[in-house]
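[1] following is a predicted model, sequence given first.
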Amino acid sequence: MSNILIIKHGSLGDIVQISGALKDIRNHFIDKKIYILTTLKFKNLFEKCPYIDEVIIDKRLPRWNFFYLLNLIKQIRSLNFDICYDLQNSSRTEFYRKNFKIKNWSSSRTVLKKDESKKQFDEKGVIERFNIQLERSNITKTDHVLYPDFSWAIDHDFNCNINDKYIFIAPFCSPKLQKKVWPYFKELIELLKNKIPNYQLLAAPGPNEIGKCKDLNLKMILNNDKPININQLSKVINESSFVIANDTGPAHIAAHLGCKGIALFGSHTSAKKVSIERDKFKVLEVTNLKDLLPEQVLEAVLRQIFT
């Protein structure tokens with residue numbers, strides 16, 4: 001029996017966004033075995049995903065590592081894939097397309113119309129691009145791709161021991177993407193404590209963010225003094241009264257769990273392009289994040305949290 005391959009290496013926000021696409025692919029191939037090729041970081045997350053049967057790890061070693069690539073290619077070819085849905089759409093996965101030798105390959109490149117350029121296609125919002133990709137790849141019903149629901153990832157057994165109402169704050173970002181970081185979280189936190197003291201202010205720092213979290217005077221959610229995993233993070237975000245975040249994975253989790261919240265965007269990209277704005281989750285978008293004042297963010301938070 002032939003199998004189905006999906007490729008998605010990351011990042012966290014991007015993985016949240018494909019939840020609807022995964023469900024539509026699963027519903028289309030009810031009797032097929034679906035594999036996902038991803039990175040070790042997301043292995044445990046995808047092992048809990050109801051739309052995925054098996055996880056294959058890609059170490060993403062340099063392409064000149066011939067022996068690694070040869071072994072990966074052999075592994076992929078041995079699994080008799082009938083079609084691959086490349087939801088990463090990167091130069092690396094385009095290289096895989098040429099070497100995995102899977103007969104049917106769906107990517108943003110392979111679904112282009114004759115009069116359509118890759119640049120034109122990529123100008124659309126990311127979720128819209130996934131929807132078009134699946135529709136042009138003979139997925140007959142795309143009922144969920146435009147409306148990702150990340151609730152499958154919630155660890156309902158995780159107890160974060162919070163009894164009060166709380167606002168979840170995600171003030172950090174990848175070290176490589178510091179241009180996404182709004183610089184006034186400390187000032188905003190003080191304003192929030194004075195204005196709505198009945199709400200706790202929480203964060204879930206990564207391994208290198210615990211010290212920064214202490215400096216911001218935020219209550220930290222940890223698991224045995226270690227950072228919580230994505231499933232536990234989803235539980236904490238889902239139970240929050242409100243979320244305030246940079247353009248990071250937690251913001252996308254909140255948006256696609258249907259949480260109230262707000263993301264702060266500079267000129268690094270547009271909110272429309274990353275498809276983050278939802279019914280309850282909004283965006284404050286400026287050219288330069290330094291020009292977005294704490295008082296402006298506070299006003300937006302107060303306006304949304306009580307409606």
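    Happy to help now that I have it.
[2] use CA for all of it now, contacts and neighbours both
    Will do.
[3] could you list the domains of this structure?
    Listed by automatic domain parsing, the domain ranges of the chain are 3-145, 166-305.
[4] deepest in the core, which of those is it.
    Between those, the one whose residues have the most neighbours on average, counting mean count of other CA atoms under 10 Å, is domain 166-305 (a mean of 18).
[5] I'd like the average pLDDT over that one.
    The average pLDDT for domain 166-305 rounds to 95.
[6] okay, the domains of the chain in TSV with distance to Ile154 next?
    Rendered in TSV, the data for those read as follows (distance: least, CA to CA, whole Å):
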stretch	distance to Ile154
domain 3-145	10
domain 166-305	5
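[7] closest to His156 out of the ones you listed?
    With CA to CA as the criterion, His156 lies closest to domain 166-305 of the domains of the chain, at 6.5 Å.
[8] off-centre distance for the closest one?
    Relative to its chain's centre, domain 166-305 lies at 14 Å (CA atoms, centre = their mean, to the nearest Å).
[9] what about that domain, start to end distance?
    The first and last residues of domain 166-305 sit 11 Å apart, counting by CA to CA, to the nearest Å.
[10] now do the strands in the protein.
    With strands called from DSSP state E, the chain shows them at 3-7, 33-38, 54-57, 81-86, 104-106, 166-170, 200-203, 219-220, 222-223, 226-227, 242-246, 261-265, 281-285.
[11] neighbouring strands for the second one, and are they parallel or not?
    Meaning strand 33-38. Taking DSSP bridges as the criterion, strand 33-38 forms sheet pairs with strand 3-7 (parallel), strand 54-57 (parallel).
[12] which residues in the stretch 101-250 of the chain form helices?
    According to DSSP state H, counting those that start in this stretch, the stretch 101-250 of the chain carries its helices in the segments 118-122, 126-135, 185-195, 210-215, 230-238, 249-255.
[13] what's the first one in contact with?
    Contacts to helix 118-122, defined as CA atoms under 8 Å, 6 or more residues apart in numbering, come from residues 108-109, 112, 129.
[14] cheers, nothing more for now.
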